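Engineer: Structure for this input, please:
(chains A and B)
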Amino acid sequence: MIRIRSLTKRYGDVLAVDDLDVEIAAGTVTGFLGPNGSGKSTTMRIALGLDRPTSGGITIDGRAYGELPDPLRHVGALLDAGAVHRRRRGYDHLLFLARSNRIPRSRVDEVLAQVGMTDAAHRRAGTYSLGMRQRLGIAAALLGDPGVLIFDEPVNGLDPEGIRWIRELIRSLAAEGRTVFVSSHLMSEMALTADHLVVIAGGRLLADTGLTDFVGDGPSLEDVYLRLTAGHEQYAGGGR
Amino acid sequence: MTTAMQETTTTRRTGATRVPGTSFAAALEAEWIKLRSVPSTRWLPLATVLSIAGVGALVDAFVAEGQRREDGAEYDAFTLVHYGVNFGQLALVAFAVLAVAGEYGAGTIRASLAAVPDRRLFAVAKLTVITAVALVTAIVSSLTCTLTARLLLPAGDISLTAAATWRTAFGQVVYLVLLAVICAGVTFVLRTPMASMGLLIPLIFLGTAALTAIPGVREVARFLPDKAGQRVMRLREFNAYELAPWPGVAVMALWAIAAVVAALTVFRRRDV
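Structural biologist: You can find the predicted model right below:
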């Protein structure tokens, strides 16, 4: 379970996240929605200890990220699929991550098979398509068999077959009782994947509700979402 | 310095809930995998040895006799023995810079820090592995320079039983290791190869020779890390403004400590 408590993040004069309070439950897929610059990526970076909150914080299973021993065994994250050294083989990228958390080498082969990257893993990451980098990033998230998964825009760059694959993977991870927190801009995809929605704009919480309640009598998730976030399109946060 | 850093970590970790030391060992292993899985950091240590020893051998073989005639009583064979350092150090600078900057080019640092969130542990592990590789590189390079000089230089220039031979050989090791530490520390602060090389290359290769010729500037320039640290590789001073060998090493070590302190301070506070 992920608990976001009174989270505020300020970059100079810009308020990226403004007193956010949310709990993300285990065993469901929670979609994280919001316009560009709404604070989604900032929130996810803070959850992983990469950025420091100005005040408040995020705990995972009751502990701050930095207090988790071998954190990859607790939390798997896909933040930026491009974040692999271009001259390093996919296999070695996973290997150093695994060994830093005392995860056996054999697990690298397992997750590579799981994402269909067994052959490509021995090529340098600079030769990968966006879809392959995305699969490698998902393999990295699965390395420690974690109870909590955080995916930032996981379907980016995937082809239709890949999109279906990640959707089914995400659903199955939640069905196994894991906490799955997924951001996306693709409303149609969210409508198929998420059980629960957290919507933010301008760093503030707009909605925290089940998918069916959120859509209600509206024509579609997209329509309800656009109506809710109208006027909030701004480029406030990091968005890195 | 490596030992000092490890002690700090061990002391701190003992108070934590984790088993002391094991996380650090895992972080060291990860850093080692990173260095050997990218072509640049994998091969630059070898390039360092080949260029330092290669240039040294050429100078020993073809320049020594002429130099002896020219310098007469002032002749210092060790200037030639370790001459290759002037060129080969570039490869070691590149190694240390790329070992750190490699995290930032594509943003690997985010995956790395999600795996090892303790910033100080992460930075100390990376600096330790870089220092260890630089140490092995420097020992191999210095021994090769010394032994090839013994074979190539005229008899009487260098003796393997003379203290001076081993002082200068030790000097090359210390100089190269401290140089690598300075470069790695600076790159932790600046993050990109462009910025780090842009600062370090002029400092080490271009500026100092010119600076030491200018009155008023040379009294200060002698405290620059390379000027201070290189004197221990020679028996005689180039000019009256140089620091003595061991004070020079001490000054360069202070630069290295400053670079590490700056790296740890900035790296711990910064968002990635």
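Engineer: What's the mean pLDDT across the helix or strand that contains residue A:95?
Structural biologist: Element membership for residue A:95, per DSSP states H and E: helix A:90-100. Averaged across helix A:90-100, pLDDT comes to 98.
Engineer: cool, and stretch A:192-205?
Structural biologist: Mean predicted lDDT for stretch A:192-205 stands at 96.
Engineer: Repeat that for stretch B:137-146.
Structural biologist: Computed over stretch B:137-146, the average pLDDT equals 98.
Engineer: separation between residue B:26 and residue A:73?
Structural biologist: To residue A:73, residue B:26 is 12 Å away according to Cβ to Cβ, to the nearest Å. Any C-beta I mention is one placed from the backbone N, CA and C, and that applies to glycine too.
Engineer: Then residue A:205?
Structural biologist: 30 Å.
Engineer: And chain B, is the helix holding residue A:95 touching that?
Structural biologist: Yes. Judged by Cβ under 8 Å from any Cβ of the partner chain, helix A:90-100 comes into contact with chain B at A:92, A:93, A:95, A:96, A:97, A:99, A:100.
Engineer: got a winner among the residues you listed for most neighbours?
Structural biologist: Within these, most neighbours by other Cβ atoms under 10 Å in any protein chain shown means residue A:100, with 27 neighbours.
Engineer: Residue 52: which element?
Structural biologist: Going with chain A. Judged by DSSP H and E, residue A:52 forms part of no helix or strand.
Engineer: meant chain B actually
Structural biologist: helix B:39-62.
Engineer: What about residue 178, how many residues nearby?
Structural biologist: No chain was given, so I picked chain A. Neighbourhood size, residue A:178 [other Cβ under 10 Å]: 19.
Engineer: wait, I meant chain B there
Structural biologist: What residue B:178 shows, counting by other Cβ under 10 Å, is a neighbour count of 27.
Engineer: do the same with the one 5 residues further on
Structural biologist: If you count neighbours by other Cβ under 10 Å, residue B:183 ends up with 30.
Engineer: wait, doesn't it sit right on residue B:96?
Structural biologist: Yes. Between residue B:183 and residue B:96 there is a contact under Cβ atoms under 8 Å: 3.7 Å.
Engineer: where does chain B dip in pLDDT?
Structural biologist: Where chain B drops to pLDDT under 70, the residues are B:1-22, B:206-209.
Engineer: where exactly do the helices run in it?
Structural biologist: Assigned by DSSP state H, the helices in chain B fall at B:2-14, B:22-36, B:39-62, B:64-71, B:77-81, B:85-101, B:108-115, B:119-152, B:163-190, B:193-201, B:207-211, B:218-221, B:225-230, B:245-269.
Engineer: Also chain A?
Structural biologist: A:40-47, A:90-100, A:105-114, A:130-142, A:160-175, A:187-193, A:211-215, A:221-229.
Engineer: Show me what the fourth one is packed against.
Structural biologist: What that stands for is helix A:130-142. strand A:75-78, helix A:90-100, helix A:105-114, strand A:148-152, helix A:160-175 (3 or more Cβ pairs under 8 Å, 6 or more residues apart in numbering or on different chains; DSSP states H and E).
Engineer: returning to that earlier point: give the residue from residue B:26 and residue A:73 that has the larger number of neighbours.
Structural biologist: residue B:26 (21 against 16).
Engineer: picking that back up, can you list the neighbours in contact with the helix holding residue B:52?
Structural biologist: Residues from elsewhere that reach helix B:39-62, judged by Cβ atoms under 8 Å, 6 or more residues apart in numbering or on different chains: A:87, B:34-36, B:80-92, B:94-95, B:98-99, B:102, B:133-134, B:136-137, B:140-141, B:144-145, B:148-149, B:152-153, B:176.
Engineer: Return the member of the residues of helix A:90-100 next to chain B nearest to residue B:267.
Structural biologist: Using Cβ to Cβ, residue A:100 comes nearest to residue B:267 of the residues of helix A:90-100 next to chain B, at 16.6 Å.
Engineer: Which residue, other than its chain neighbours, is closest to that closest one?
Structural biologist: Nearest-residue entry for residue A:100: residue B:30, 3.5 Å, with adjacent residues in sequence omitted and distances by Cβ to Cβ, 6 or more residues apart in numbering or on different chains.
Engineer: Report the contact partners of the one you found.
Structural biologist: Applying Cβ under 8 Å, 6+ apart, the residues contacting residue B:30 are A:96, A:97, A:99, A:100, B:112, B:115, B:116, B:125.
Engineer: Looking at the residue of chain A positioned farthest from its centre now. What's its pLDDT?
Structural biologist: Largest separation from the mean C-alpha position in chain A: residue A:217, at 28.6 Å (Cα atoms, centre = their mean). pLDDT recorded at residue A:217 is 87.
Engineer: follow-up on the earlier one: contacts for the helix holding residue A:95?
Structural biologist: Helix A:90-100 is contacted from outside by A:72, A:84-85, A:103-105, A:107-108, A:111-112, A:117, A:120-123, A:125, A:128, A:132, A:136, A:139-140, A:143-144, B:26-27, B:29-31, B:33-34, B:37, B:108, B:111-112, B:115-116, using Cβ under 8 Å, 6+ apart.
Engineer: Quick one: buried ones out of those residues?
Structural biologist: A:72, A:84-85, A:103, A:107-108, A:111-112, A:117, A:120-121, A:125, A:128, A:132, A:136, A:139-140, A:143-144, B:26-27, B:29-31, B:33-34, B:37, B:108, B:111-112, B:115-116 (16 or more other Cβ atoms under 10 Å in any protein chain shown).
Engineer: rewinding a little: filter the contacts of helix B:39-62 down to just the buried residues.
Structural biologist: Applying 16+ other Cβ under 10 Å to the contacts of helix B:39-62 flags A:87, B:34-35, B:80-86, B:88-92, B:94-95, B:98-99, B:102, B:133-134, B:137, B:140-141, B:144-145, B:148-149, B:152-153, B:176 as buried.
Engineer: quick one: contacts for the residue nearest the centre of chain A?
Structural biologist: With distances taken as Cα atoms, centre = their mean, the residue of chain A nearest its centroid is residue A:151 (1.9 Å). Contact analysis of residue A:151 by Cβ under 8 Å, 6+ apart lists A:77, A:78, A:138, A:141, A:170, A:180, A:181, A:182, A:183.
Engineer: What parts of chain A come near chain B?
Structural biologist: A:45, A:48-52, A:65-72, A:75, A:77, A:79-80, A:82-89, A:92-93, A:95-97, A:99-102, A:125, A:140.
Engineer: still on that earlier bit, between residue B:26 and residue A:73, what contacts are shared?
Structural biologist: Counting by Cβ under 8 Å, 6+ apart, the common neighbours of residue B:26 and residue A:73 are residue A:101.
Engineer: Pop the domain breakdown of chain A in here.
Structural biologist: Domain assignment for chain A by automatic domain parsing gives A:1-74+A:147-240, A:82-145.
Engineer: looking at the helices of chain B, which is buried most?
Structural biologist: Of all the helices of chain B, helix B:225-230 has the most neighbours on average by mean count of other Cβ atoms under 10 Å in any protein chain shown, namely a mean of 26.
Engineer: Who are the packing partners of that one?
Structural biologist: Using 3+ Cβ pairs under 8 Å, 6+ apart, the elements in contact with helix B:225-230 are helix B:163-190, helix B:245-269.
Engineer: Try it again at 10 Å.
Structural biologist: Judged by 3 or more Cβ pairs under 10 Å, 6 or more residues apart in numbering or on different chains; DSSP states H and E, the packing partners of helix B:225-230 are helix B:85-101, helix B:163-190, helix B:207-211, helix B:218-221, helix B:245-269.
Engineer: ok now do residue 81, which residues does it touch?
Structural biologist: If you meant another chain, say so; for now it's chain A. Residues near residue A:81 by Cβ atoms under 10 Å, 6 or more residues apart in numbering or on different chains: A:128, A:130-138, A:140, A:152-154, A:156-158, B:107.
Engineer: my bad, chain B
Structural biologist: Residue B:81 neighbours (Cβ under 10 Å, 6+ apart): B:56, B:59-60, B:64, B:142, B:145-146, B:148-150, B:152-153, B:157-158, B:165, B:168-169, B:172, B:233-234.
Engineer: go with 8 Å
Structural biologist: The contact partners of residue B:81, by Cβ under 8 Å, 6+ apart, come to B:56, B:60, B:145, B:146, B:149, B:153, B:158, B:168, B:233.
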